[in-house]
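S.K.: fold the stuff below for me.
(chains A and B)
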Amino acid sequence: MNLFDIMGPVMVGPSSSHTAGAVRIGRVCLRILGEKAERAKIHFHGSFALTGVGHGTDKAVVAGLMDMETYDIRIPQSFELARENGMEFTIDTVDLKDAHPNTVLMELKGKSKSIKIQASSLGGGRISIDEIDNIKTSFTAEYPTLVVHNEDKAGHAAHVTKMLAEKNINIASLRSYRDKRGGFAIMVVETDEPIPIEVIGELEKKEGIIKVTYVNVI
Amino acid sequence: MAFKSVKELLERSRETGREVWQLIMEEDANDRNVGTEDSFEKMRSMWKAMKASSDSYDPSLRSSSGLSGGDGHKVREYRQKCISGEFMGDVIAEAIGMAESNACMRCIVAAPTAGSCGVIPAVLIPYVNKYGTDEEKIVRGLFVSAGFGQIIAERAFIAGALGGCQAEIGSASAMAAAMLVYLQGGSPQQSASALAFALKSLLGLVCDPVAGLVEVPCVKRNVIGAVNAITSADMALAGIETMIPADEVIDAMRAVGAAMPSSLRETAEGGLAATPTGIEIAERMPVLK
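M.R.: Below is the predicted model of the structure:
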């Protein structure tokens, strides 16, 4: 464990998993949406559903969707701030099959994009993105991460690795997830270095690549 | 990478002639690929954040459950009458105040966790007020504390869900004890003994939060973590040596945690959470529909 995971982080309480982790989930989901969230349906599962109010998990997720950091002192007022900023949200509970106890399912809508994400808080502020648009994934957003929605066809992984190699960016991991053969796929690429914005633009122009989002919230 | 054992850390210090805090800082700088100055400044910012949390304690705040708030202030008012003296009164007030701030959604420094955030500041702030320690030394002390904590995390755990409260308040107490010894000019071996005393005394402590919230009994357990750190440091500084080496005590903590039933590891199904009053409190908590 990093030294400053032991002495730190500086965070708004009361719980690293139920508060700080929840802020982080909101923030990462906002980045995956890729634009301001105008409407959010938030569904809590398990321990999040049972103890979410007492831990401020509800306020924390909304704060994250407003792009707040885990140490932002405005987290307790996130509901009011969201309303002032024109973000509508609803919060309820859901019973998901085989999900981590600290799980939230979110349906987000922006001006032109929408997305459905299931994420869990693993403890100590660490999180996992478990599902995007009904496709199972598994990544922590602890690295600069590229999320590529593409058609499940040969050659997409090669586009990505070639482009990153040209920019001298080292790939820490690359995983591909799909709903069915020849259907839709999601490629998650974690890198050691931040990814320049032009790479994302170039990738989006490739045939068969539907959408590219970039998450860098380290 | 972090040190794998207290033994390794102490041996390296002996062999290289470098102080424990320096070795820990250098490991961090290496881990995160930054300069040692960057590491030192980051630790200084942790101290500043602790101070800022303490200074902004608001006795009028209550947690959303209504279970926490205002008790740190009560001890502050009572400090002159404290049986254990004014210094200990400040320690108790600081521990409760910080843990209450956490429960009330204020900004704190998780050290090592949010639930145990009161322990280290509760010994450090009154200590600094008493001895006038300069900031460089305080930051070095925090490196000692964090470095020993990192070894505990490496060999055992620091999360209540994994190892019970001994892993949270126990670890925080052990980290604080090792730090106090350093600040008082004790040897690294004495820091290791203090760590061992602190952890031994809290071995087996379960995590049983009422209604699953970081409030009852967590807020007051920060007090025992802090007080236990001070008595452990004093024992070590007096020259008492731990019979069981620090690494073995940490390993025992892991074994005890692994043997704990899940009902006593943060699930709110056992201990105080399962008492009639604990259940009654849980039933009247606001829930999502």
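
S.K.: which residue does chain A bring closest to chain B?
M.R.: The nearest approach of chain A to chain B comes at A:Gly13, 3.3 Å away (Cβ to the nearest Cβ). Where C-beta positions appear, they are placed from N, C-alpha and C, glycine not excepted.

S.K.: that residue contacts B:Leu213, correct?
M.R.: No: taking Cβ atoms under 8 Å as the definition, A:Gly13 is not a contact partner of B:Leu213, at 10.9 Å.

S.K.: give me the common contacts of those two.
M.R.: Between them, A:Gly13 and B:Leu213 share the neighbouring residues B:Ala103, with contact defined by Cβ atoms under 8 Å, 6 or more residues apart in numbering or on different chains.

S.K.: same for the helix ranked longest in chain A, what does it pack against?
M.R.: Taking DSSP state H as the criterion, chain A has its longest helix at helix A:21-33. Packed against helix A:21-33, as judged by 3 or more Cβ pairs under 8 Å, 6 or more residues apart in numbering or on different chains; DSSP states H and E, are the following elements: helix A:57-65, strand A:102-109, strand A:114-123, strand A:126-132, strand A:209-215.

S.K.: report the distance from the second one to the chain centre.
M.R.: Here the centre of mass of C-alpha atoms in strand A:102-109, compared against the chain's by Cα atoms, centre = their mean, to the nearest Å, lies 10 Å away.

S.K.: residues in contact with that strand?
M.R.: Outside strand A:102-109, the residues that touch it by Cβ under 8 Å, 6+ apart are A:17-18, A:21-22, A:25, A:29-30, A:33, A:37-48, A:57, A:61, A:65, A:94, A:96, A:114-122, A:130.

S.K.: now do the third one
M.R.: Applying Cβ under 8 Å, 6+ apart, the set of residues contacting strand A:114-123 from outside is A:16-18, A:21-22, A:24-25, A:28-29, A:32-33, A:48, A:96, A:99-100, A:102-108, A:127-134, B:159, B:161-162.

S.K.: quick check: residues of the stretch 1-150 of chain B near chain A?
M.R.: Taking Cβ under 8 Å from any Cβ of the partner chain as the measure of proximity, the stretch 1-150 of chain B contacts chain A at B:2, B:24, B:27-28, B:31-32, B:39, B:42-43, B:45-46, B:49, B:63-65, B:101-115, B:117, B:120, B:142, B:145-147, B:149-150.

S.K.: filter these down to the buried ones, PyMOL style.
M.R.: Isolation of the buried members of those (16 or more other Cβ atoms under 10 Å in any protein chain shown) is achieved in PyMOL through the command below:
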select buried, chain B and resi 2+24+27+28+31+39+42+43+46+49+63+64+65+101+102+103+104+105+106+107+108+109+110+111+112+113+114+115+117+120+142+145+146+147+149+150
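
S.K.: roughly how far does B:Cys207 sit from B:Gly186?
M.R.: Summarising the geometry, the distance separating B:Cys207 from B:Gly186, computed by Cβ to Cβ, to the nearest Å, is 31 Å.

S.K.: which of those two has more residues huddled nearby?
M.R.: Each of B:Cys207 and B:Gly186 had its neighbours counted (other Cβ atoms under 10 Å in any protein chain shown), and the higher figure belongs to B:Cys207 (29 against 18).

S.K.: pLDDT value on residue 196, please?
M.R.: All of this is about chain A. Here, the pLDDT recorded for A:Pro196 equals 91.

S.K.: I was after chain B.
M.R.: On the pLDDT scale, B:Ala196 gets 98.

S.K.: over to B:Lys289?
M.R.: Note on B:Lys289: pLDDT of 68.

S.K.: so which of the residues of the stretch 1-150 of chain B next to chain A are in helices?
M.R.: Secondary-structure check on the residues of the stretch 1-150 of chain B next to chain A using DSSP H: residues within helices are B:24, B:27-28, B:31-32, B:39, B:42-43, B:45-46, B:49, B:101-103, B:120, B:142, B:145-147, B:149-150.

S.K.: still on that earlier bit, list buried members of the contacts of strand A:114-123 by neighbour count.
M.R.: Of the members of the contacts of strand A:114-123, the ones counted as buried by neighbours, 16+ other Cβ under 10 Å, are A:16-18, A:21-22, A:24-25, A:28-29, A:32-33, A:48, A:96, A:99-100, A:102-106, A:108, A:127-133, B:159, B:161-162.

S.K.: that's a strand at A:Thr51, yeah?
M.R.: No: assignment of A:Thr51 by DSSP: H, G, I helix; E, B strand; the rest coil gives helix, placing it outside any strand.

S.K.: thanks again, I'm all set now.
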